[in-house]
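Trainee: this is a predicted model, with the sequence first.
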Amino acid sequence: MIAAESTPPSDTKPTATELQRAFLRHLQYTLVKDKYSATRSDLYQALAYAVRDLLVERWLDTQQSYYINDSKRVYYISMEFLIGRSLGNSLINLGIMEEWENALMEMGIDVKDLQEIEWDAGLGNGGLGRLAACFLDSMATMCLPAYGYGIRYEYGMFYQKVVDGNQFEMPDNWLRYGNPWEFGRQEHLHQIKFNGRVVEYSGDDGSRCHSWIDTNDVMALAYDVPVPGYGNDTVNTMRLWSAKSTRDFELTSFNQGNYVGAVESKMKTENISKVLYPADHMAEGKELRLRQEYFLASATVQDIFYRFAKKHTDFCLLPEKVAIQLNDTHPTLAIPELMRILLDEKQLSWDAAWDIAVKTFAYTNHTILPEALEKWPIRTMESILPRHLLIIYQINDHFLKEVAARFPDDFERLRRMSIVGEEGEKHVRMAHLAIVGSHSVNGVSALHSEILKNELFRDFHELWPERFNNKTNGITQRRWLKYSNRWLADLISSRIGDNWVTNLDELTKLRDLADDREFQQQWTEVKRANKQRLAEHIFKQTCIQVSPDSMFDCQTKRIHEYKRQLLNVLHVITRYNRIKSNPSQDIAPRTVIFSGKAAPSYFMAKLIIKLINAVGAVVNNDPASNHLLKVVFLANYNVSLAEMIFPAADLSEQISTAGTEASGTGNMKYALNGALTIGTMDGANIEIMEEVGAENICIFGMTAEQVNSLKSAGYRPLDYYYRNPELKQTLDQIANGTFSPGDPNLFKPIVDNLLHNDNYMLLADYASYLACQDSVDRIYRQPYEWAKRSILNTAGMGKFSSDRTIAEYASEIWGIQPEKVCRHSRRDLV
C-alpha cells in the first residue's frame, strides 16, 4: 500500500520582510491601492495573490514532472467540489501560516480577519463534494499524479436565509468579487455538442460509421485552481469548466434591431454552468441538469485525450496512462462520450474501444436510495444526446447478450439488469451504465458495500463479483484538525509530535494519555474555548445566548427525512416536557444545534426546518426550561461554518435509519475533534465503533437487518404511538399547534406522515433513542469520564484519514504511484 507520507519541500521559508514585500507589491501593482485607499477586501486579495505566488513554481514543476515522466494519471470527475476557503488551506499546506501571521501582525493586520472575508467557493452542497475536496488534498499530499474535474458554477446551490423559521433561498454569488485562486485557460477550449441528428454511412472497409451533425454547440473554457500538498513540492490541478457561447451574439438579429434576441442564445448557452443543481421538479430544470452532466463529461474526456495525445498515438495504451474515477453516477456520460470519440473520431472497432473504456473507468456509488439513482427519460436523451443514446443501446445489447449466455432463459434477470428500464416512461439507468462500463465498482463503507453486493446490485455482483470492492470514506486531517482546530492540534502535537498530520494512525498514541488527569484537563479547556467561540458566533447570528458549559449536541447535514433530524426534534420536545414536569431534576444542560439546507422543492424538509425553529422559539423563551435546554438553527451551513462547529461539539448526532446512509463523513470529522457519537448501526458508524471501542460510542436503534424484517412483517407506526405515552404526548403537541399557535395545523402533515407512513421508522427507534440519550446525560455529568472517552474517540480516528482511502484507490483500482516533483531553477517570485 502507498504510504501517506510527503517529501519535504525544497525551498526554505521566506522571511517576514520578503512576505511583507510581496504583500505590498500586489496591493500596489495588482490592485492599485495604497494604505489609504485599501479596503479589507483589498488586503485579503493582496494576501491571496502573494500566497498564490508561492504555489506557482511548485505547480509548474509538478505538471512538468508528470509530462517528462509520462506518469499514469488519475482523473477524478465530480459534479461537486466543496473546497471551502482556499487561503487558510494553502497557508497550512505550505507550512507558512505562522510566518504570514507574524509578518502581517507587524503591519497591524490580522490574518484571521482576512480569512473571514473569503467567500466559500460555491462548487458543492454536501458530503459528496466535501469528500471530493478531501480526496484532492490527499492525492496532492501523497504526491499522486491527479486532476480533479468539475464545473465552475457561477452561483452555488443557494445562500440560505431563515426568516420567521422558514428557509428562503438567495443567490450564492460567490464570484461577485472575483476569485484570486483561479487561472483562466483561454487556450483550453473544447466544443460540446447538443441536439442535432445522427447520420449513418459505410466506411472504407464497409463498416457502419456515424456522424453527429446539425448540432447546437457550446464551448467549455477551463479555469484551473491549484491544489497544494502538505509539506511537499506537489501542487495538483482542479480544472473547472465554464460554458461559453460559440459567439457573443447573433449578428443577423442585432442588425435587424432585435438587440435582446441577439444575445438570448448566448445567455441560454451559458446557463449550463450558471448554477449548481437547478430545480429538477420542472422539465426545464431536469433538461439543464442533463446538459450539465454531459458538458462536464465531454469537456473532461476531450481534455484527457488532448493530454494523452501529446505523447501517444496508440489508443490501446490509454488504460496504462489514464484512470478515470466517476464520483457517483453524475459523470457517467463520460463512458459513452469516450466510446463516441474512439468510434467516430479515432475509427476504432467496437470491441477495441469497449475494452479500452472498461479498463479506464471506475465507479463509486454513494447512495442506496432509489430516488437518488439517476434515470434519464429516453425522449430527453434522444433529443439532447442522440448519438450517445445509440451508443448506450449498443452497449446494452452487448451486455444483455453476455447476461443471457451466463443465465439462460432468465428473462426477469434481463429485465432487472438492462441499462434501459421499461417501467413507466422508458429510461436509461445511469447506475447500471456505470457498472457495465467500469472495471471497478466500490461502496464507501463496509455496510454500504455489502448492501450493494447483496441487495441493490446483487445481479451485477453475481455476474462480476471481482468488480465489487469497498473503499471506506475518509477525511483530511489537515483541514479538519490542524487547520480548523488549531488549539487541539497544538495540544496533540505537544504530547505525541506532529507526524499525525501525514500519518493519522499516530493518534493511537493518545490512548496512553486518556487517563492522564492533567491531559484531560487541558483537553477539556481546549473544548471549552472552542465552545465559547461558537457561542459567540451563535449570539451574533441568532441573538440566542447559550452557555459553553452546556453540552453542545450537534446535527449538521443536509435536511432530509432519512437523516432523521425529526427524530432529534422529538427528543428535544420530550426533554422539554420532562423538564416542565420536574424542574428540579438533575440533568445536564444541553444546547441542541442544527444546521443544514433543504432542497428548494422538498416540502417536508423545509417544514422540518420550520418545526426546529418553532420548537426553539418555545423552548428558548420559557424561563422554566431555558437554563437547561436551548435549540439553535444556524443558517447557511457550509465548510467555514462546519470548521467552527466540529471543534466545539460534545455530541455528534448520526441517527439515520440503519441501511440508508452510505457512509457519512461528518461522523468522522466530529469524532476526530473529540465529540462522542450517538448513532445507529449505519454507514461508517459501524467502523467508527470498531475503531474507538463500543463503550466510547452511543449506539441505539434497529440494525439494517431488523429494519428490513420489520418492513417485511408489516410496520405499524400507530402501534408505537399508542404504546408510548411520551411519544404520544410529543406528537400530539406538534399536531395540535403547541409550537404553532397562530396556525395550529401547520405541522399536521409531519404527524400524519409519521403515523401513517413513517418510511424511515422514527417511531420504532424512538424509545431506544431516548434511552441512549439518558445514558449520554449520565456520562456527561462525569467530566473526567467524558474527557477520557472524548480523547479515545480522537485516538481511534487513524483509519478514517482520506490518505488511507486514497492509498487504497491508488493501489487497488487506479494503479498509480507517487511521483517525485523535480524542482527547476527559476527567479524567486517573492
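Mentor: Cool, got the structure.

Trainee: return the residues in contact with residue 365.
Mentor: 328-329, 431, 434, 441-444, 448, 452, 456-457, 662 (C-beta atoms under 8 Å, 6 or more residues apart in numbering). All C-beta spots, glycine's among them, are computed from the backbone N, C-alpha and C.

Trainee: and it, how close does it get to residue 318?
Mentor: Relative to residue 318, residue 365 is positioned 24 Å away (C-beta to C-beta, to the nearest Å).

Trainee: ok, residue 407 next?
Mentor: The gap separating residue 407 from residue 318 is 31 Å, by C-beta to C-beta.

Trainee: more neighbours, the two?
Mentor: Between residue 407 and residue 318, counted using other C-beta atoms under 10 Å, residue 318 has the larger neighbour count: 20 against 16.

Trainee: for the helix or strand hosting that one, list the C-alpha coordinates in PDB.
Mentor: If you go by DSSP states H and E, residue 318 is part of helix 318-321. The C-alpha trace of helix 318-321 is given here as PDB (Å, rounded to 0.1, in the frame of the first residue of the first chain):
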ATOM      1  CA  LEU A 318      -5.000   4.700 -22.700                       C
ATOM      2  CA  PRO A 319      -5.700   2.400 -19.700                       C
ATOM      3  CA  GLU A 320      -1.900   2.300 -19.000                       C
ATOM      4  CA  LYS A 321      -1.700   6.100 -18.800                       C
END
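
Trainee: just checking, what packs against it?
Mentor: Using 3 or more C-beta pairs under 8 Å, 6 or more residues apart in numbering; DSSP states H and E, the elements in contact with helix 318-321 are helix 350-360.

Trainee: show me which residues of the helix it packs on are buried.
Mentor: For helix 350-360, the neighbour count (16 or more other C-beta atoms under 10 Å) marks 350, 353, 354, 356, 357, 358, 359, 360 as buried.

Trainee: try stretch 484-494
Mentor: So, applying 16+ other C-beta under 10 Å, buried residues of stretch 484-494: 484, 485, 488, 489, 491, 492.

Trainee: what's the answer for stretch 744-764, then?
Mentor: Going by neighbour count (16+ other C-beta under 10 Å), the buried part of stretch 744-764 is 746-747, 750-751, 753-755, 758, 760-764.

Trainee: and what of stretch 176-186?
Mentor: Those would be 179, 180, 181, 182, 183, for stretch 176-186 by 16+ other C-beta under 10 Å.

Trainee: same thing with stretch 712-731?
Mentor: Neighbour counts using 16+ other C-beta under 10 Å place 715, 717, 720, 721, 724, 727, 730, 731 of stretch 712-731 among the buried residues.

Trainee: centre of the chain to the biggest helix by length in the chain, how far?
Mentor: Using DSSP state H, we find that the single longest helix of the chain is helix 40-69. On the basis of C-alpha atoms, centre = their mean, to the nearest Å, helix 40-69 sits 25 Å off its chain's mean C-alpha point.

Trainee: just want the angle from the helix or strand just after that helix to helix 350-360.
Mentor: The first helix or strand that comes after helix 40-69 along the chain, using DSSP H and E, is strand 73-77. Orientation check (axes from the mean of the first three to the mean of the last three C-alpha atoms, to 10 degrees): strand 73-77 against helix 350-360 gives 90 degrees.

Trainee: on that earlier part again, and the helix holding residue 318, what's its mean pLDDT?
Mentor: Averaged across helix 318-321, the pLDDT comes to 98.

Trainee: send me the very next helix or strand once past that helix as PDB with only the CA atoms.
Mentor: Using DSSP H and E, the helix or strand that follows helix 318-321 in sequence is strand 322-327. The C-alpha coordinates for strand 322-327 follow below in PDB (Å, rounded to 0.1, in the frame of the first residue of the first chain):
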ATOM      1  CA  VAL A 322      -5.200   7.100 -17.700                       C
ATOM      2  CA  ALA A 323      -7.600   6.200 -14.800                       C
ATOM      3  CA  ILE A 324     -11.000   7.900 -14.700                       C
ATOM      4  CA  GLN A 325     -12.900   7.800 -11.400                       C
ATOM      5  CA  LEU A 326     -16.600   8.600 -11.600                       C
ATOM      6  CA  ASN A 327     -17.700  10.200  -8.300                       C
END
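
Trainee: what is the neighbour count of residue 49?
Mentor: The burial count for residue 49: 19, using other C-beta under 10 Å.

Trainee: quick check: it touching residue 30?
Mentor: Yes: contact criterion C-beta atoms under 8 Å: residue 49 and residue 30 qualify, at 5.5 Å.

Trainee: tell me which element residue 749 is part of?
Mentor: According to DSSP H and E, residue 749 maps onto helix 748-756.

Trainee: let me know the average pLDDT across that helix.
Mentor: For helix 748-756, mean pLDDT is 98.

Trainee: same deal with stretch 78-93?
Mentor: 96.

Trainee: skipping adjacent residues, who's closest to residue 45 in space?
Mentor: Among residues not flanking residue 45 along the chain, residue 180 sits closest, at 5.5 Å (C-beta to C-beta, 6 or more residues apart in numbering).

Trainee: how about residue 51?
Mentor: residue 90 is the one closest to residue 51 (C-beta to C-beta, 6+ apart), at 5.3 Å.

Trainee: show residues contacting the next helix or strand after the helix holding residue 749.
Mentor: Downstream of helix 748-756, the next assigned helix or strand under DSSP H and E is helix 762-780. The contact list for helix 762-780, computed with C-beta under 8 Å, 6+ apart, reads 551, 564, 566-567, 570-571, 574-575, 587-588, 650-651, 655, 657, 676, 678, 680, 698-702, 710, 715, 717, 720-721, 724, 726-727, 754-755, 758, 785-786, 789.

Trainee: quickly list what the residue nearest to residue 429 when sequence neighbours are not counted is bridged to.
Mentor: Leaving aside its chain neighbours, residue 429 sits nearest to residue 421 (5.1 Å; criterion: C-beta to C-beta, 6+ apart). Beta bridges link residue 421 to residue 427 when assigned by DSSP bridges.

Trainee: contacts only, for residue 421.
Mentor: 375, 427, 428, 429.

Trainee: most neighbours among the residues you listed, which one?
Mentor: The residue in those with the most neighbours, by other C-beta under 10 Å, is residue 428 (26 neighbours).

Trainee: pretty sure the residue nearest to residue 51 sits in a helix.
Mentor: Yes: assessed by DSSP: H, G, I helix; E, B strand; the rest coil, residue 90 belongs to a helix.

Trainee: re the thing from before, so how do I select the buried members of the contacts of helix 762-780 in PyMOL?
Mentor: Selection of buried members from the contacts of helix 762-780 for PyMOL, criterion 16+ other C-beta under 10 Å:
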select buried, resi 551+564+566+567+570+571+574+575+587+588+650+651+655+657+676+678+680+698+699+700+701+702+715+717+720+721+724+727+754+755+758+786+789
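
Trainee: next step: the contacts of helix 762-780 restricted to helices.
Mentor: 566-567, 570-571, 574-575, 710, 717, 720-721, 726-727, 754-755, 785-786, 789.

Trainee: how far away is the nearest residue in space to residue 546 that is not next to it in sequence from residue 555?
Mentor: The shortest distance from residue 546 to any non-neighbouring residue, by C-beta to C-beta, 6+ apart, is to residue 591 (4.5 Å). Noted for residue 591: a distance of 12 Å to residue 555, by C-beta to C-beta.
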